[in-house]
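Enquirer: Fold the following, please.
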Amino acid sequence: MQLCVAIFVGTNGETYYNTAALVSCVQNFPRNRGPIVGILKGFAGLSGAILTQIYAMINFPNEAALIFMVAVGPSIVVIALMFIIRPVGGHKQARPSDGSSFLFTYSVCIVLAAYLLGVLVLNDLVGINQTLVTLLGVLLIILILFPVIIPILLVFASEPSPPVQENLLPKPEKQEAGSSEQDADEVIMSEVEDEKPPEVDSLPASERQKRIAHLQAKLFQAAAVGAVRVKRKRGPRRGEDFTLLQALIKADFWLMFFSLVLASGSGLTVIDNLGQICQSLGYSNTSIFVSMVSIFNFLGRVGGGYFSEAIIRKYAFPRPVAMAVVQVIMSFGLLYYALGWPGEIYVTTVLTGLGYGAHWAIVPASASELFGLKSFGALYNFLTLASPAGSLIFSGAIASGIYDYYAEKQASLRQTISGSMVTIPLWDDDSLSCEGSICYSLTCALMSGFCIVAMVLSLIVVYRTRSVYAQLYGKSHT
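Expert: Next up, the predicted model:
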């Protein structure tokens, strides 16, 4: 009961950390949402390996000390930083050096992932003494703190932006005025709005408000005598700020959600059953594959953010294009296992880890672009329900049912071959074990098909939102 309560509090506390970090950073860096989400989610994925290494460095006497460290350590960090992390208007502070700063952070992430993978392999193959563990732990802490160099250099070594560059930055007042003009209770005439002169947008905010008020007065008068048909606005448009309830009635939101259910649910099913998959193939030591999927999950999150940002910056493609691409990659990895080709477990582990991780960099950034930042925390946490929902269906029902079927079939066949009079109770799950790639080949084939369906849903979102991304990031090249 105590363990159940600890897991309940811990997992829900992780949601608060995730939400606070993502919302604050996406608001502060609205022009780099892909890299921001990818880096944050990547470090969240590596946090378990990092804390394990730090625990081994400190060499606590028992497991209770580990639980105490996990409970107290993150809280101390949050309390220490809560007074300096706040929305600071990142759109006002865009710098030409932002690209190189993110590239440096990406480099640190890749080095950190390679370092952790090397430490895990070294410890698994030859074993290391406590002194070397301590040295490796200190080096790990230095790598984690290395990106702090960026803000230090920006504060003490960089020159202020020239006034010309600052004038080129978008004015938040204009956006706020535009959003206030489109209140839910406002009456607009859509035909007249589409035909307004282009010079109206270049007017100051106060003058534009007067013009709009004058136009609305004329519209009300015309509507009163029945001269025109007045159209009431039904909620925000794509790219504006949605509440969760407003997003739940949009087809784009549900297309993204079900695409995430199919693809991330398939990836999480492989990750949850990876130990059993390795045992069915005859691998006695499964820890190396668990470590591999964790590392490539991290690389997928970091790479997914970078890749999705690159395609929208260079080509103004909708970000869900990247989601469709990684779903095809996941489908190939699962199909590779289903066909029983050489090195199946390695290929499936790498591609599934990459694809699953990339989803959690691409989807939050896409949701913030299509449905705004005002309720981003609620939107993000609702979308995270897709992963456990998919895993509950695919792992709890499909994968376990197929595995038990083949395990019972192999047990019956062994009894027939041996001719033993001692029967094995097939209803006892502890006595059932399946051997060979057949145990999960059908499951992987089904999930490969689910990933293709998810890719189709993502492409539908791409088609529906292409005009939004063209407006946000420039003319489309398609």
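
Enquirer: packing partners for the helix or strand hosting Lys41?
Expert: Assigned by DSSP states H and E, Lys41 belongs to helix 33-58. Here helix 33-58 touches helix 2-28, helix 63-81, helix 98-125, helix 130-145, helix 287-315, helix 344-371, going by 3 or more CB pairs under 8 Å, 6 or more residues apart in numbering; DSSP states H and E. In short, each C-beta sits where N, CA and C put it, glycine included.

Enquirer: Just the buried positions in that helix, please.
Expert: By neighbour count with 16 or more other CB atoms under 10 Å, helix 33-58 contains the buried residues 33-46, 49-50, 53-57.

Enquirer: coming back round to it: identify whichever of the helices and strands packed on helix 33-58 lies nearest to Ala407.
Expert: When these are compared by CB to CB, helix 344-371 sits nearest Ala407, at 18.8 Å.

Enquirer: which of the residues in the helix or strand that the closest one is followed by are buried?
Expert: Per DSSP H and E, the first helix or strand lying C-terminal to helix 344-371 is helix 376-383. Residues Phe376, Gly377, Ala378, Leu379, Tyr380, Phe382, Leu383 are the ones in helix 376-383 that count as buried (16+ other CB under 10 Å).

Enquirer: The first one is in contact with Ser368, isn't it?
Expert: Yes - using CB atoms under 8 Å, Phe376 and Ser368 qualify as a contacting pair, with a distance of 5.2 Å.

Enquirer: okay, and the common contacts of these two?
Expert: Common contacts of Phe376 and Ser368 (CB atoms under 8 Å, 6 or more residues apart in numbering): Val26.

Enquirer: List the residues that contact the residue positioned nearest the centre of the chain.
Expert: Centroid-nearest residue in the chain, with CA atoms, centre = their mean: Trp360, separated by 1.3 Å. Neighbouring residues of Trp360 by CB under 8 Å, 6+ apart: Val37, Lys41, Ser264, Arg301, Gly304.

Enquirer: could you redo the last one with a cut-off of 6 Å?
Expert: When contacts are counted by CB atoms under 6 Å, 6 or more residues apart in numbering, Trp360 touches Lys41, Arg301.

Enquirer: where's it relative to Gly73, distance?
Expert: Distance, Trp360 to Gly73, using CB to CB, to the nearest Å: 23 Å.

Enquirer: Okay, now the unreliable bits of the stretch 301-450 of the chain?
Expert: By pLDDT under 70, the weakly predicted segments of the stretch 301-450 of the chain are 418-431.

Enquirer: mind redoing it with 90?
Expert: The stretch 301-450 of the chain contains residues with pLDDT under 90 at 302, 305-306, 309-317, 340, 343, 372-377, 387-388, 391, 395-397, 408-437.

Enquirer: Next: the stretch 101-250 of the chain.
Expert: Across the stretch 101-250 of the chain, residues meeting the criterion (pLDDT under 90) sit at 101-138, 140-241.

Enquirer: In it, mark out all the strands, start to finish.
Expert: 187-188, 231-232 (DSSP state E, counting those that start in this stretch).

Enquirer: Buried by neighbour count: which residues of stretch 262-273 qualify?
Expert: Residues of stretch 262-273 classed as buried: Leu262, Ala263, Ser264, Gly265, Ser266, Gly267, Leu268, Thr269, Val270, Ile271, Asn273 (neighbour count, 16+ other CB under 10 Å).

Enquirer: ok, now how distant is Ile50 from Val70?
Expert: From Ile50 to Val70 the distance is 11 Å (CB to CB).

Enquirer: One more: Ala365?
Expert: 29 Å.

Enquirer: of the two, who's got more company?
Expert: A direct count of neighbours by other CB atoms under 10 Å for Ala365 and Val70 places Ala365 higher, at 27 against 16.

Enquirer: In contact with the more buried one, which residues are there?
Expert: Arg33, Gly34, Val37.

Enquirer: and if we set it to 10 Å?
Expert: 22, 26, 32-38, 41, 304-305, 308-309, 312, 319, 322 (CB atoms under 10 Å, 6 or more residues apart in numbering).

Enquirer: Find the nearest non-adjacent residue to it, please.
Expert: In this structure, Ala365 finds its nearest non-sequential neighbour in Arg33, 4.1 Å apart by CB to CB, 6 or more residues apart in numbering.

Enquirer: Val325 now?
Expert: Sequence neighbours aside, Phe307 is the residue nearest to Val325 in space, at 7.8 Å (criterion: CB to CB, 6+ apart).

Enquirer: does the one you found really touch Arg301, like I thought?
Expert: No - between Phe307 and Arg301 no contact is recorded; they are 11.0 Å apart, counting by CB atoms under 10 Å.

Enquirer: Distance-wise, check the residue nearest to the centre of the chain relative to Glu63.
Expert: From Trp360 across to Glu63, the span is 29 Å (CB to CB).

Enquirer: What of Ser368?
Expert: Distance, Ser368 to Glu63, by CB to CB: 39 Å.

Enquirer: Comparing the two, which shows the higher neighbour count?
Expert: The neighbour comparison of Ser368 against Glu63 (other CB under 10 Å) goes to Ser368, with 22 against 9.

Enquirer: What residues does that one make contact with?
Expert: Going by CB under 10 Å, 6+ apart, the list of residues near Ser368 reads Leu22, Val23, Val26, Gln27, Pro30, Arg33, Ile36, Val37, Arg319, Phe376, Leu379, Tyr380.

Enquirer: Tell me the confidence at the closest residue to Gly357 other than its chain neighbours?
Expert: Spatially, and ignoring its direct neighbours in sequence, Gly357 is nearest to Gly300 (2.8 Å; CB to CB, 6+ apart). pLDDT for Gly300: 91.

Enquirer: How about the contacts made by Gly300?
Expert: For Gly300, the contacting residues are 38, 41-42, 45, 267, 293, 307, 326, 329-330, 350-362, by CB under 10 Å, 6+ apart.

Enquirer: Buried among those? Make that a ChimeraX selection.
Expert: In ChimeraX, this line selects whichever of the contacts of Gly300 come out buried by 16+ other CB under 10 Å:
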select :38,41,42,45,267,293,307,326,329,330,350,351,352,353,354,355,356,357,358,359,360,361,362
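
Enquirer: Is Ser467 in contact with Pro318, as I believe?
Expert: Yes - contact criterion CB under 10 Å: Ser467 and Pro318 qualify, at 9.4 Å.

Enquirer: quick one: which of those two has more around it?
Expert: Higher neighbour count among Ser467 and Pro318: Pro318, with 31 against 13, using other CB under 10 Å.

Enquirer: Now for the more buried one, which secondary structure element holds it?
Expert: Take DSSP H and E as the rule and Pro318 turns out to sit in neither a helix nor a strand.

Enquirer: cool, and the one 4 residues further on?
Expert: When secondary structure is defined by DSSP H and E, Ala322 falls within helix 320-338.

Enquirer: Could you pull out the buried residues of stretch 65-81?
Expert: For stretch 65-81, the neighbour count (16+ other CB under 10 Å) marks Leu66, Val70 as buried.

Enquirer: So what's the gap between that stretch and the chain middle?
Expert: Averaged C-alpha coordinates place stretch 65-81 at 24 Å from its chain's average position (CA atoms, centre = their mean, to the nearest Å).

Enquirer: again, but for stretch 308-315
Expert: Distance, centroid of stretch 308-315 to centroid of chain: 17 Å (CA atoms, centre = their mean).
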